[in-house]
Each structure stands twice: as structure tokens, then as C-alpha cells.
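Undergrad: Structure for the following, please:
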Amino acid sequence: MNSLSYRPWALLSTLFSRSEPGALTALVAEPYNPRVPLQSASRARVAVLASGGGSNLQAIVDYFAALGPHRCGDVVLVASDRINAPALNRARNAGIEAVHLDGELRGDGMLEALVSRGVMIVVLAGYLQLVPSAVTTAYRGRIVNVHPALLPAFGGRGMYGERVHAAVLAAGVAISGATVHFVDEVYDRGAIVAQWPVPVSPNDTVNTLGPRVLAVEHLLYPRVVNALCSGRIHLDAGGKVAGVPAPESAAAFSMGDYVGLRHSLDRWLG
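TA: From the prediction side, this is the model:
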């Protein structure tokens, strides 16, 4: 292993004391403290980890593009554990560096790969591997995931995609939804940042519920990521989520009213 992988705190303090545009020169002193808010005036460098199609990646890229100069982050790296993942093609089409995570990069080499590219925020978008503890420790409060249910229900190892929706339907619950949460060393355990409910119809199947939840993910996740990039949303010293305003009532959201949902989320998180 490269010796850099043994020194995440030294690596990150070196990275974030650089003087090039977008670095945190005046904000972060050694040792690097991931709880120090990011500068809202500079754009955070974002890495997205994905294992599949990358539709949430695309939603983030499109949202940043729509915000234009008002965006708080730029996706600079997309990495996947699957060499043929469509997410990598999405990245290449957008002019973003695309990297296949081989065995070394999925493990001990991941931290160095992120740090060497100046990554400040790590976003999981359908990434099915457990992120190495060196990464979750170094990026504490700056690594997030989106989950297709209302955590802590229907989460944990092996709970992803259609498996989650099948479990929701088998449980007979009336409400599912999307959850954005910080990532730690345990699947789906990190502090919850934001959630939005999706009603479950009595006639729902995995193939009808899944797309509705995914549509909410595509609206919720990019807005949370942008707010995280700005430093407005963060973990405080006690590990509690700070900077998320009280949400509007979700009662006004009806199935299929994604225009209304987008406006509600913009008022909440925009």
C-alpha cells in the first residue's frame, strides 16, 4: 500500500491548505476538521460513487448545471466498482473524470484517490460496496448517501433497489419515501439529513412504487448535496445534523405532483 493511505489526517490537512481556487486556505488549519463549514463562496469538489445506472448522479449534474454560477459544488470525479457501469458513461458524456475502482481502489487506495483529486464532498449514488472506514472517518460529515425508504426502517446490509421496495410492500406500510443520510462505517446507520414521504398505494408493486420513490430521490438528493457543499448543512461537534430547516408539511404532496414537490423542496432546501 502507498504510504499516503496510512495518514488520512495529514493528507487532508495538506489538501485543504492549498492556495488554488476552491481550496479552504483561510478556513481549515491542521489537523483537518471535517466539521468546519465549507466556504459558501467557493465550489466544493464532489466525487460520486455509483455501482449502476447513475440516475441520481445525472440528477445532481443536471441540478448543478441549472443553478449555473449559483451552484455550490462541481462533480469532478465519478467512480464505480463495476467497470461497465452506465454511471461511468454518464460521467464521460459530461466531461467528468470516470474511474473504475479495482480491488485496491475499493479498499485501502480509495482515500488517496479522493484526496489526490482534491475531493471535498463524497456522494454515494447507488454504490453497493461498504466504504472503507478510513474514508468515512476522514470525510466525516462530508459523505452522504440516498436510500429508497424512510430509514431506519428497511435499511442495512443487502437492502437496496427492488429489495427495499419488496420489503416495504411485504410489510404493508402506507408510507415509504427517500432518505438522505450521512455515511459512517455501518450500512445506512449515519445521521439522517432529510427525508420525504411517498404514499404507498394498495395496488402498488415493486415496479410502480420504485419509480415514484426514485423521482423523489432525483429532486431531494441534489438539493441536499448543494446545501452540503455550501457548508449550510453539516454535522455539529456532537454528531447531530445542523443547518436543515424545519420542512414544510408533506401532506400537500400527492402522487405524481412532482412540480409541486420541486417547489416545496426549493423553499425548504434552496
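Undergrad: L228 falls within a helix, correct?
TA: Yes. The assignment for L228 is a helix, going by DSSP: H, G, I helix; E, B strand; the rest coil.
Undergrad: so how far is A59 from it?
TA: Per Cβ to Cβ, to the nearest Å, L228 is found 15 Å from A59. Glycine gets a C-beta too; all of them are placed from N, C-alpha and C.
Undergrad: Next: V46.
TA: Distance from V46 to A59, by Cβ to Cβ: 13 Å.
Undergrad: Show me which residues of the helix or strand that contains L214 are buried.
TA: Element membership of L214 [criterion: DSSP states H and E] is helix 206-230. Buried residues in helix 206-230, counted by 16 or more other Cβ atoms under 10 Å: 206, 209-210, 212-230.
Undergrad: Just list the residues touching V119, thanks.
TA: 45-47, 76-77 (Cβ atoms under 8 Å, 6 or more residues apart in numbering).
Undergrad: before we move on, the earlier item: settle it for me: which of V46 and A59 has more neighbours?
TA: Neighbour count, other Cβ atoms under 10 Å: between V46 and A59, V46 has more, with 26 against 22.
Undergrad: Who are the packing partners of the helix or strand where that one lies?
TA: V46 belongs to strand 44-49 when assigned by DSSP H and E. Applying 3 or more Cβ pairs under 8 Å, 6 or more residues apart in numbering; DSSP states H and E, one finds that strand 44-49 contacts helix 55-67, strand 73-80, strand 121-124, helix 206-230.
Undergrad: switch to 10 Å and redo it
TA: helix 55-67, strand 73-80, helix 86-93, strand 97-100, helix 110-116, strand 121-124, strand 143-147, helix 206-230 (3 or more Cβ pairs under 10 Å, 6 or more residues apart in numbering; DSSP states H and E).
Undergrad: List the buried residues in the helix or strand just after the fourth one.
TA: Tracing the chain past strand 97-100, the next element assigned as helix or strand by DSSP H and E is helix 103-106. When burial is assessed from 16+ other Cβ under 10 Å, helix 103-106 yields the following buried residues: 105-106.
Undergrad: Against which helices or strands is helix 103-106 packed?
TA: Using 3+ Cβ pairs under 10 Å, 6+ apart: helix 103-106 touches strand 73-80, helix 110-116.
Undergrad: Point out where the stretch 101-250 of the chain drops to low pLDDT.
TA: Along the stretch 101-250 of the chain, segments meeting pLDDT under 70 span 248-250.
Undergrad: tell me the angle of the helix holding L214 relative to helix 55-67?
TA: For helix 206-230 against helix 55-67, the angle by axes from the mean of the first three to the mean of the last three Cα atoms, to 10 degrees is 50 degrees.
Undergrad: orientation of helix 206-230 relative to strand 73-80 in degrees?
TA: 130 degrees.
Undergrad: related to what we said a few turns ago, of the helices and strands packed on helix 103-106, give the one that comes closest to G161.
TA: Closest approach to G161 among those (Cβ to Cβ): strand 73-80, 15.4 Å.
Undergrad: list the buried ones in that closest one?
TA: Of the residues in strand 73-80, 73, 75-80 count as buried by neighbour count, 16+ other Cβ under 10 Å.
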